[in-house]
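Visitor: Build me a model from this:
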Amino acid sequence: MSTHRVPAPVFADGEKPKGPASYFASIEKTYGQPIQHWLDIAAGALDTRAHMEAVSLLKDEHGLGHGHANAVVAYVKAKLAG
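Guide: The predicted structure follows:
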């Protein structure tokens, strides 16, 4: 696992997520894991992999769809770039 961590976003009641985070509720519902689980996997993958390789890992080894995997990786990359 990665030595860095990208915390899951926290939204105020009624606040509508934008960008990749707009997928997070659907990802949690579809795959039965909290978004932090997927963010941690993506952060670890990005330690040694390029963007699309990390997307492929989430798809091939964890069963995420392409759009969901891409949203998780894009969110993590943006936060790590800071």
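Visitor: any idea how far residue 81 is from residue 41?
Guide: With distances taken as C-beta to C-beta, to the nearest Å, residue 41 is found 18 Å from residue 81. All C-beta spots, glycine's among them, are computed from the backbone N, C-alpha and C.
Visitor: How many neighbouring residues does residue 19 have?
Guide: 10 (other C-beta atoms under 10 Å).
Visitor: Pretty sure it sits against residue 72.
Guide: No: with contact defined as C-beta atoms under 8 Å, residue 19 does not count as touching residue 72 (11.9 Å).
Visitor: ok so, going back, more neighbours: which of residue 41 and residue 81?
Guide: A side-by-side neighbour count of residue 41 and residue 81, using other C-beta under 10 Å, places residue 41 first with 23 against 6.
Visitor: What does that one show for phi and psi?
Guide: Reported as degrees, to the nearest 10, the phi and psi values for residue 41 are phi -60, psi -40.
Visitor: Run a quick neighbour tally on residue 79.
Guide: 16.
Visitor: do the one 3 residues further on as well
Guide: Per other C-beta under 10 Å, the neighbour tally for residue 82 reads 4.
Visitor: pLDDT score assigned to it?
Guide: We have a pLDDT of 83 for residue 82.
Visitor: Residue 69 now?
Guide: Note for residue 69: predicted pLDDT of 98.
Visitor: wouldn't it be in contact with residue 61 here?
Guide: No: using C-beta under 8 Å, residue 69 is not in contact with residue 61; the gap is 10.3 Å.
Visitor: for the longest helix along the chain, packing partners?
Guide: Looking across the chain with DSSP state H, the single longest helix is helix 66-81. Helices and strands touching helix 66-81, by 3 or more C-beta pairs under 8 Å, 6 or more residues apart in numbering; DSSP states H and E, are helix 24-31, helix 35-46, helix 51-62.
Visitor: Mind checking the pLDDT average for the first one?
Guide: Meaning helix 24-31. Mean pLDDT, computed over helix 24-31, is 97.
Visitor: same check, this time on the second one
Guide: Averaged across helix 35-46, pLDDT comes to 97.
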